[in-house]
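Novice: turn this into a model:
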Amino acid sequence: MVRIPGGTFVMGSNHHYPEEAPAHKVSVHGFWMDRHAVTNAEFKRFVDATGYLTSAERPANPDDYPGALPEMLEPASVMFSKPPHRVDLRNHYNWWVYTRGANWRHPRGPESSLDGLWEHPVVHIAYEDAEAYAKWAGKDLPTEAEWEFAARGGLEGAEFAWGDEFAPDGKQMANTWQGEFPWQNLLEDGYEWTAPVGSFAPNGYGLYDMAGNVWELTCDWYQDHGKIVKACCTLNNPRGGSPEASVDPRAPQTRIPRKVMKGGSYLCAPNYCRRYRPAARMAQPVDTSTCHVGFRCIVRDAVSS
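Specialist: Prediction:
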């Protein structure tokens, strides 16, 4: 783990996606953070020690999904499928596929394995899976503010975890998507899927992959833009919220709470989801696992009252 000093910083951004606003000052206490995302090898040690079965390896509870077809309740996870041509970016079903048999043991589909991927970040992890690992390890999941403070690496106001230029001198600094998402991947960074942790230079705090590779879960509930603005401007808090307020209003029939995830992934591209920045954030339903979401843990300093 890496020691992250406490401090005050400007969280969020007023210049990118609306859910990142408003930029506001937040203070965090010191903590220790995993140097990189939890790997397949590390997660296997947890599973071997506990017999834990991830969400993607268990059938879904039909009470949570009224009217769902029986086959949609079978153990499964969400996989990226690259279309052969340009598609409508407004419809994410053009590249996301609910795939039976995809899980952390089979990260690239039911026929895949972990051979050669032990030092890659574990994926197909739902929030309860990350929480269970953290508890077993004697750690916690970071808040959004803690994660963003750490990702900035001491660079106040910089757009990226390494500075203000995305590819300084043409050098790729993270595992992201080069080309036109979702059909054209130029692989300029050398990776089509996840990369081994530590494949790119660390940030100023010595943390690897705080941009790209995999999205990382935080323990904060997600709030939509209007609620964020009201909370930040009246309470000057680091965001957060409640499970009830985090539910996606576009899906009233399935009231699944959502957590904040940070950092972007290997699927983030300049033309779509330009979220490989510390200020960027997205909502992740707690019941959903995908091929590009993982996590890392922290240990907080004891704070005297």
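
Novice: can you list the strands that the longest strand along the chain pairs with?
Specialist: Longest strand in the chain by number of residues (criterion: DSSP state E): strand 215-221. Strand pairing for strand 215-221, using DSSP bridges, gives strand 258-262 (antiparallel), strand 293-294 (parallel).

Novice: please enumerate the strands of the stretch 1-150 of the chain.
Specialist: Using DSSP state E, counting those that start in this stretch, the strands of the stretch 1-150 of the chain run over 2-4, 7-11, 24-28, 31-33, 76-80, 96-100.

Novice: counting by contacts, list what the second one packs against.
Specialist: For strand 7-11, the packing partners by 3 or more Cβ pairs under 8 Å, 6 or more residues apart in numbering; DSSP states H and E come out as strand 24-28, helix 144-152. All C-beta spots, glycine's among them, are computed from the backbone N, C-alpha and C.

Novice: hey, which of the strands paired with strand 215-221 is tucked in deepest?
Specialist: Highest mean neighbour count among these (mean count of other Cβ atoms under 10 Å): strand 293-294, with a mean of 29.

Novice: after that one, next one along is what?
Specialist: Using DSSP states H and E, the next helix or strand after strand 293-294 towards the C-terminus is strand 298-300.

Novice: need the contact partners of that following strand.
Specialist: 1, 4, 29-34, 138-142, 146 (Cβ atoms under 8 Å, 6 or more residues apart in numbering).

Novice: coming back round to it: would a markdown table of the helices and strands packed on strand 7-11 with distance to Q253 be doable?
Specialist: Shown next, in a markdown table, are the helices and strands packed on strand 7-11 (distance: least, Cβ to Cβ, whole Å):
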| stretch | distance to Q253 |
| --- | --- |
| strand 24-28 | 34 |
| helix 144-152 | 27 |
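
Novice: out of those, the one nearest A161 is which?
Specialist: helix 144-152 (5.2 Å; Cβ to Cβ).

Novice: now the closest one: average pLDDT?
Specialist: Average pLDDT, helix 144-152: 97.

Novice: identify the residues contacting that helix?
Specialist: Contacts for helix 144-152 (Cβ under 8 Å, 6+ apart): 4, 7, 9, 11-12, 26, 28, 31, 33, 142, 158, 161, 203-205, 207, 210-211, 216, 218, 220, 238-240, 260, 262-263, 278-279, 281, 298.

Novice: restricted to buried residues, select these in ChimeraX.
Specialist: Those of the contacts of helix 144-152 that count as buried under 16 or more other Cβ atoms under 10 Å are selected in ChimeraX with:
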select :4,9,11,12,26,28,31,33,142,158,161,203,205,207,210,211,216,218,220,238,239,240,260,262,263,278,279,281,298
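
Novice: S77: how many residues sit nearby?
Specialist: 29 (other Cβ atoms under 10 Å).

Novice: just grab the bridge partners of it for me.
Specialist: T99.

Novice: relative to I298, how far out is it?
Specialist: Using Cβ to Cβ, to the nearest Å, one gets 25 Å for the distance from S77 to I298.

Novice: check R3 too.
Specialist: Distance from R3 to I298, by Cβ to Cβ: 11 Å.

Novice: stretch 102-117 - what's its average pLDDT?
Specialist: pLDDT averaged over stretch 102-117 gives 98.

Novice: what about that stretch, start to end distance?
Specialist: From its first residue to its last, stretch 102-117 covers 15 Å (Cα to Cα, to the nearest Å).

Novice: same thing with stretch 165-178?
Specialist: End-to-end distance for stretch 165-178: 15 Å, by Cα to Cα.

Novice: give me the contacts around the longest strand of the chain.
Specialist: So strand 215-221 is in contact with 37, 125, 127, 130-131, 140-147, 238-243, 245-246, 257-265, 282, 284, 292-296, going by Cβ under 8 Å, 6+ apart.
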